[in-house]
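Trainee: Output the structure for:
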Amino acid sequence: MIPIAGTPVLTAAQMRAAEDAAIATGTSVDTLMQRAGAGVADAVRRLAGVNEVLIVCGPGNNGGDGYVAAARLHAAGRKVRVAAAAEPRSPAAIAARALWTGPVEPLATAAPAPVLVDALFGTGLSRALDADIEVALKALAKHANLAIAVDVPSGVGTDDGALLGEVPTFHVTLALGAVKPALLLQPAAARCGAVRVVPIGVAVDSDTHVLAPPDLSAPAVDAHKFTRGMVAVVRGRMAGAAQLAAQAAMHSGAGYVELLGATIPGAPHALVRRRCDDAALADQRIGALLIGPGLGRDDEARALLDQALATDHPLIVDGEALHLVSPDRLRARAAPSILTPHAGEFAALFGKPAGSKLAAARQAAARAGAIVVFKGPDTVIAAPDGRAMLAGEASSWLSTAGSGDVLAGAIAAMLAGGRAPLGAAAAGVWLHAEAARRLGPAFIADELARALAGARA
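Mentor: This next block holds a predicted model:
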């Protein structure tokens, strides 16, 4: 089992193509199934201890993987039973079934076991499970102390993370060969538990990867405040939101942060306050300009946004600014832009997304010529050239006022510090989630901003 951080994410079609390429070079389907089943058996052996294992198998190759795993577990002396929803149909699955010498129980009447392995249906499912299969799987998962899904939980859309019917919650999902989008996209991701990759000897590559921890090493010994990065935050109607973003940038490692706009009483002394005028915006030391937190949507807000768009600074556009700008205006900028919309802001800027969140973010990034951080219970980071990253499930306590302002500030610090725009967005998203994880429950955005320093360390 391999941790998933930084690994490629493949759609169902991409995974089939990778397997076909392996087959074209001499690796048989049966060999791939043996590798998958062996990997599943090894993982189950580690996780299940001495507990009885029930493997439920479907009629296709996912079921074949289950039969191979069952045979290997039995050979290793583990107590294992097999139940099937139907007889195997594919040649490789039929051959795998022959390896299992024990009884095969009907799924509908199978008694539960402490450990359940779901090998019913893998990638490519496009409809809900039959009602009797769905009911049986739900009951078996309910009574299991450990429920493990093979490749993807049965009943989810592999590429978009949709729930095609009622899907149980699993403790572990063993992704065969590579992570699939559903394992990180909601609502399916919430059913997957801990995700690990089981290698099957197939070369995999993709322009989409799982978000990985960034290099957040300390500044160089000869660093000074401007080499660490200068962030400028434009203050709008709600001063507190801009201050939160500024403090987040400071705690994320920016060396110099200034707030452009009226003075805010009680702001940290280290936060530089200046008027938001042409002279301030022309400062070539600015490595990242952030506009949007608490900006408002009136004429003054529009004027501030116009000023920001006209600069040649790398720009982060967040919050209410996303309701005032257009993709065409963003695409016309020569300097890089990073957009940080939640679902409502995304719909205001690009229209209501259709299809998967990953596809929508990619299309939006290409349309705006900008990095798009499509945030929410799952977060997709997409670049105009098609590269993308999927973030694992973050703390649900991030659903608090101001957390988005903190994220924008963290991304601004990463961008001002010299990272490329896609890398800056990824580093900010990771740091934000790590700070939330360290805080635990019921924090507020002010605490989240301060916690960025500890997360970075």
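
Trainee: give me the element Ala449 is part of.
Mentor: Using DSSP states H and E, the element containing Ala449 is helix 445-456.

Trainee: And that helix, what does it pack against?
Mentor: Packing partners of helix 445-456 (3 or more C-beta pairs under 8 Å, 6 or more residues apart in numbering; DSSP states H and E): helix 239-251, helix 403-416, helix 421-439. Bear in mind the C-beta positions are built from the backbone N, C-alpha and C, glycine included.

Trainee: Go through those helices and name the closest to Ala96.
Mentor: Nearest to Ala96 among the helices and strands packed on helix 445-456 is helix 421-439; the distance by C-beta to C-beta comes to 39.5 Å.

Trainee: tell me the angle of that closest one relative to helix 239-251?
Mentor: 100 degrees (axes from the mean of the first three to the mean of the last three C-alpha atoms, to 10 degrees).

Trainee: Going by neighbour count, list what's buried in helix 421-439.
Mentor: 421-436, 439 (16 or more other C-beta atoms under 10 Å).

Trainee: returning to that earlier point: show me the one of the helices and strands packed on helix 445-456 that comes nearest Ala360.
Mentor: Of the helices and strands packed on helix 445-456, nearest to Ala360 by C-beta to C-beta is helix 421-439, at 16.3 Å.

Trainee: closest one to Asp159 among the helices and strands packed on helix 445-456?
Mentor: Of these, nearest to Asp159 by C-beta to C-beta is helix 421-439, at 21.5 Å.

Trainee: what angle sits between that closest one and helix 403-416?
Mentor: 130 degrees.

Trainee: Can I get helix 421-439 in CSV, CA atoms only?
Mentor: C-alpha atoms of helix 421-439 as CSV (Å, rounded to 0.1, in the frame of the first residue of the first chain):
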residue,chain,number,x,y,z
PRO,A,421,1.3,30.3,-9.5
LEU,A,422,0.1,26.7,-9.6
GLY,A,423,2.6,25.8,-6.9
ALA,A,424,1.7,28.8,-4.8
ALA,A,425,-2.0,27.9,-4.9
ALA,A,426,-1.2,24.3,-4.0
ALA,A,427,1.1,25.3,-1.1
GLY,A,428,-1.5,27.7,0.3
VAL,A,429,-4.3,25.1,0.1
TRP,A,430,-2.1,22.5,1.9
LEU,A,431,-1.0,24.9,4.6
HIS,A,432,-4.5,26.1,5.2
ALA,A,433,-5.8,22.5,5.6
GLU,A,434,-2.9,21.6,7.9
ALA,A,435,-3.5,24.6,10.2
ALA,A,436,-7.1,23.6,10.5
ARG,A,437,-6.2,20.0,11.3
ARG,A,438,-3.9,21.1,14.0
LEU,A,439,-6.5,23.3,15.6
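
Trainee: what does the domain assignment say about this structure?
Mentor: Domain assignment for the chain by automatic domain parsing gives 2-209, 230-456.

Trainee: Okay, strands next: where are they in the stretch 1-150 of the chain?
Mentor: Under the criterion DSSP state E, counting those that start in this stretch, the stretch 1-150 of the chain contains strands at 2-3, 53-57, 80-84, 104-106, 115-119, 146-150.
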